[in-house]
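Novice: give me a 3D structure for the following:
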Amino acid sequence: MNVLLMTITQKNSQKMIRDIANEFVKKGHLVFVACPADEINPTRTKFILIDGIRYLFIKSGNTVGKINIFKKCWNFLITDSVYKKALKKSCDGIDFDLILYSTPPITLANTVKWAKQTFGAKTYLMLKDIFPQNAVDIGMLRNKGIMWAAWKYFRNKEKKLYYISDYIGCMSPRNCKYVLEHNSEINKEKVGLCVNAYAEEPVRKINCQEIRNRYGIPCDKMVFLYGGNLGKPQGLRYFVDVMRSNKNKNDRFFLICGNGKDQQTILNFIADESPANVKYIDGIPPDAFDELTCACDVGLVFLDNRFTIPNFPSRMLSIMLNEKPILAATDSCTDVGEIIKEADMGWWCESTDIEPFNQILDGICDNPNIVNIKGINARMYYETHYTSEIAYRQIVEGLRKVSEMHE
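Specialist: Numbers count the residues shown, from 1 in each chain. Take a look at the predicted model:
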């Protein structure tokens, strides 16, 4: 097959997209990726072959990082026309059999529709978030009052994208259920699993003490690592309350590595209270972050407790990949807790009251041997549920169902 994969993440910054593209190449398909241009790869008007994948770098507005919601929404709006224009210029002589695309954004609907009609290709949506409801849940958008019109516009775009997608691959079972319950017009036969996934790699062999010394991390404490985006979806005030309530405990250490629009919440806490067992590191390259993860004991995952949509944070993959257990505090709508329990790969509580979280922390520090056991379980569960080969098979199975529906 000739596969066109559209993403708003830059080629070198999104492992998940790169790994699924590589999986299609391994299976003998020709893969074309349309993605934003960056400083290294300026805008082009043709596909460029890099490591077996043909990339089209498109100059478009930033939709991630430290930008306000209005600028982000505007950039989402213009992405559709920018991508469509670039692809029209670049696809002469190419016939695509499959169009793969992920959310965010939902606003590529017109580009997907054009590609579907132009090439007669199957269309497959990899649903990685549910917008605009996720923005409504955490107060970034409202479905009433002065912002109703914006919500309605994006909701219509969401429904249009679902309609023109031949198949919708969701991150988790609750994700599938939510989509069908809140979009009754969708045929349930076109919805199924397409998990977040990375390529299967061996567990890194590292010198833990050397890496901890490099970053100024104590070697005699249980180290809890939070890595990734520092934004509203993570409900960082809950995390700050946890760290504040543990700042006088000498057997544990909290390491934060990442950045985002709300990182100042963390920085203000550190500046104001000078906790001895908390350290912040700005974002580091992916390989260095994987080494850092291996040198820590437990990976932390947080989600704002106001969410009514079932998120599945991609940062869980790097924790499992590096054979570490997960300690998660989330809303009650996600099935993250159920999956952690099923795999016996960590601990979960709701991100409302900090006391249950602190009880888990105490239990881990009192029984450190359990960390290795649950870390091994996490890696095993990753290998059997979240590799890019598994995601590839799920996509192929979805396409088979599409063919059966049209027979």
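Novice: contacts, neighbours, all on C-alpha from now
Specialist: OK.
Novice: identify the bridge partners of residue 48.
Specialist: Bridge pairing for residue 48 (DSSP bridges) gives the partners residue 55.
Novice: mind checking how far it is from residue 55?
Specialist: From residue 48 over to residue 55 the distance is 5 Å, taken as Cα to Cα, to the nearest Å.
Novice: the two: who's more crowded?
Specialist: In this view residue 48 and residue 55 are compared by other Cα atoms under 10 Å, and residue 55 has more residues nearby, 24 against 15.
Novice: can I assume the more buried one is in contact with residue 34?
Specialist: Yes: assessed by Cα atoms under 8 Å, residue 55 is found in contact with residue 34 at 6.0 Å.
Novice: domains in the chain, by residue range?
Specialist: Per the record, the chain has its domains at 2-199+387-405, 208-385, by automatic domain parsing.
Novice: turn those domains into TSV, columns for mean pLDDT.
Specialist: Listed next are those as TSV, based on pLDDT from 0 to 100:
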stretch	mean pLDDT
domain 2-199+387-405	86
domain 208-385	95
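Novice: any idea how far residue 262 lies from residue 215?
Specialist: From residue 262 to residue 215 the distance is 23 Å (Cα to Cα).
Novice: go on, residue 80?
Specialist: 42 Å.
Novice: for the helix or strand residue 192 falls within, which outside residues touch it?
Specialist: Secondary structure from DSSP states H and E places residue 192 in strand 191-193. Here strand 191-193 makes contact (Cα atoms under 8 Å, 6 or more residues apart in numbering) with 167, 168, 169, 170, 171, 172, 173, 176, 180, 394, 398.
Novice: so what's the residue count around the first one?
Specialist: The one in question is residue 167. Quick note: residue 167 (other Cα under 10 Å) scores 25 neighbours.
Novice: residue contacts, it?
Specialist: So residue 167 contacts 123, 124, 125, 190, 191, 192, 398, 399, 402 (Cα under 8 Å, 6+ apart).
Novice: for residue 15, state which of those residues is nearest.
Specialist: Nearest to residue 15 among those: residue 125, at 17.9 Å, using Cα to Cα.
Novice: grab the nearest non-local neighbour of the closest one.
Specialist: Counting by Cα to Cα, 6 or more residues apart in numbering, residue 125 lies nearest to residue 168, which is 4.8 Å off, once chain neighbours are set aside.
Novice: and that neighbour, that one's in a helix?
Specialist: No: counting by DSSP: H, G, I helix; E, B strand; the rest coil, residue 168 is not part of a helix but strand.
Novice: number of nearby residues for it?
Specialist: So residue 168, with other Cα under 10 Å, has 26 neighbours.
Novice: so it is in contact with residue 129, correct?
Specialist: No: between residue 168 and residue 129 no contact is recorded; they are 12.0 Å apart, counting by Cα under 8 Å.
Novice: where exactly do the helices run in the stretch 201-350 of the chain?
Specialist: 208-215, 236-245, 263-273, 286-295, 315-321, 336-343 (DSSP state H, counting those that start in this stretch).
Novice: can you name every helix or strand that the shortest one contacts?
Specialist: Using 3 or more Cα pairs under 8 Å, 6 or more residues apart in numbering; DSSP states H and E, the elements in contact with helix 315-321 are strand 298-302, strand 326-330, helix 369-385.
Novice: of these, flag the one that's most buried.
Specialist: strand 326-330 (a mean of 26; mean count of other Cα atoms under 10 Å).
Novice: quick one: that strand to helix 236-245, angle?
Specialist: Taking axes from the mean of the first three to the mean of the last three Cα atoms, to 10 degrees, strand 326-330 and helix 236-245 form an angle of 120 degrees between their directions.
Novice: quick one, phi psi at residue 125?
Specialist: Dihedral angles of residue 125 (phi, psi; degrees, to the nearest 10) stand at phi -100, psi 120.
Novice: correction: residue 120
Specialist: According to degrees, to the nearest 10, residue 120 has phi 60, psi 30.
Novice: isn't it right up against residue 99?
Specialist: No: Residue 120 is not in contact with residue 99 according to Cα under 8 Å; the separation is 9.9 Å.
Novice: who's more crowded, the two?
Specialist: Shown here are residue 120 and residue 99; by other Cα under 10 Å, residue 99 has more neighbours (23 against 14).
Novice: state the distance from that one to residue 277.
Specialist: Taken as Cα to Cα, the span from residue 99 to residue 277 is 48 Å.
Novice: check residue 166 too.
Specialist: 50 Å.
Novice: cool, residue 154 as well?
Specialist: Using Cα to Cα, residue 154 is found at 43 Å from residue 277.
Novice: ditto for residue 322
Specialist: Residue 322 is 23 Å from residue 277, by Cα to Cα.
Novice: same question, residue 239
Specialist: In terms of Cα to Cα, residue 239 sits 14 Å off from residue 277.
Novice: try residue 266
Specialist: 13 Å.
Novice: returning to that earlier point: which one's more surrounded, residue 262 and residue 215?
Specialist: Taking neighbours as other Cα under 10 Å, residue 262 and residue 215 compare with residue 262 leading, 19 against 13.
Novice: quick check: phi and psi on that one?
Specialist: According to degrees, to the nearest 10, residue 262 has phi -110, psi 20.
Novice: doesn't residue 228 make contact with it?
Specialist: No: using Cα under 8 Å, residue 262 is not in contact with residue 228, being 11.9 Å away.
Novice: thank you, goodbye.
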